[in-house]
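J.: Provided below are the primary sequence and the corresponding predicted coordinates.
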Amino acid sequence: MSQIQSNVELNCEGLNCPLPILKTKKTIDGMQSGQVLKLTATDPGSVNDMASWANRTGNELMAHTEAGGVHTFFIMKK
């Protein structure tokens, strides 16, 4: 996972649904195609939310890990 390079980092730790999704959308909207967002979140619902959102929007969920209750996602803007 550490080999994935991100262009932008977004910390959504401590935020509950729907805030991580809303902040992710706003951040991705400001990025260029092909750039990678590293997102951290503590809401357990973010696992399903991010996968569904990426699927629906056509962005690529490249990776997801969890450590100590913190979920880390790498999402590439398409």
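T.: Sure thing, it's come through.
J.: Looking at per-residue confidence, what score does the residue in the chain sticking out farthest from the centre get?
T.: Centroid-distance maximum for the chain: residue 68 at 17.2 Å, with CA atoms, centre = their mean. In the prediction, the pLDDT value recorded for residue 68 is 97.
J.: now residue 1
T.: pLDDT, read off for residue 1, is 52.
J.: distance of residue 30 from residue 68?
T.: 29 Å (CB to CB, to the nearest Å). Using the backbone N, CA and C atoms, a C-beta is placed for each residue, glycine as well.
J.: cool, residue 7 as well?
T.: Taking CB to CB, one finds residue 7 at 25 Å from residue 68.
J.: Okay, and the beta partners of residue 60?
T.: Here residue 60 shows beta-bridge partners residue 76, assigned using DSSP bridges.
J.: just the one 4 residues further on next, same as before
T.: For residue 64, the beta-bridge partners under DSSP bridges are residue 73.
J.: Tell me how many other residues surround it.
T.: Neighbourhood size, residue 64 [other CB atoms under 10 Å]: 16.
J.: which residues in this protein form strands?
T.: With DSSP state E as the criterion, the chain has strands at 8-12, 36-41, 60-67, 70-76.
J.: who's in contact with the last one?
T.: Contacts to strand 70-76, defined as CB atoms under 8 Å, 6 or more residues apart in numbering, come from residues 1, 4, 6, 13, 24, 28, 34-44, 46-47, 50, 54, 59-66.
J.: what's the nearest residue to residue 24 once chain neighbours are set aside in contact with, if anything?
T.: When the adjacent residues along the chain are set aside, residue 24 lies closest to residue 39, with 5.9 Å between them (CB to CB, 6 or more residues apart in numbering). Residue 39 is in contact with 9, 10, 12, 20, 24, 50, 72, 73, 74, 75, counting by CB under 8 Å, 6+ apart.
J.: Report the buried members of these.
T.: Buried members of the contacts of residue 39, counted by 16 or more other CB atoms under 10 Å: 10, 12, 20, 24, 50, 72, 73, 74, 75.
J.: If the residue nearest to the third one when sequence neighbours are not counted is in a bridge, with which residues?
T.: For residue 20, ignoring the flanking residues on the chain, the nearest one in space by CB to CB, 6+ apart is residue 12 at 4.0 Å. When bridges are taken as DSSP bridges, the partners of residue 12 come out as residue 41.
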